[in-house]
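J.: Fold the following for me, if possible:
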Amino acid sequence: MNNYDIIIRPHKSEKTTADIEKGKYTFIVAEKATKIDVKKAVEDLFGVRVLSVNTIRYDGKKKVRHQNSGVVEGRTVSYKKAIVKIDLNANEETYLGKGGKTVKSGKKVKNIIEGYAD
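T.: Sure, this is the predicted structure:
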């Protein structure tokens, strides 16, 4: 699956907007996507370090609608939501190289997902 196929769109509500300060972002994702897929997609697309991913499945609700021709029954769309917590204290990764020297990975990591709250 492509990263753009995994993350469908951001899920915006009052609660999710307030959770941005805590580093939690909410997305509607593909129903077959796993937590690992969501983590990799968010890290690749937005350039952030993901600490945890929680997923929730929502089944479609039954709806009954009355029309001129009678009663129409149906269901709303089912979807999967992922709450992603990112690292707010994003520093460059360092590790020990040959001879015990500390080496920086050179990988730049952001501490915010830009364009989410627009």
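
J.: can we go C-alpha only for contacts and neighbour counts from here?
T.: Fine.

J.: what's near enough to touch residue 6?
T.: With contact taken as Cα atoms under 8 Å, 6 or more residues apart in numbering, residue 6 is in contact with 29, 30, 33, 37, 38, 41.

J.: 7 Å instead?
T.: Residue 6 makes contact with 29, 30, 33, 38, according to Cα atoms under 7 Å, 6 or more residues apart in numbering.

J.: Among those residues, which one has the most neighbours?
T.: residue 29 (26 neighbours; other Cα atoms under 10 Å).

J.: Check the spacing between that residue and residue 42 real quick.
T.: Noted for residue 29: a distance of 11 Å to residue 42, by Cα to Cα, to the nearest Å.

J.: residue ranges with poor pLDDT in the protein?
T.: Low-confidence segments of the chain (pLDDT under 70): 90-93, 105-107, 117-118.
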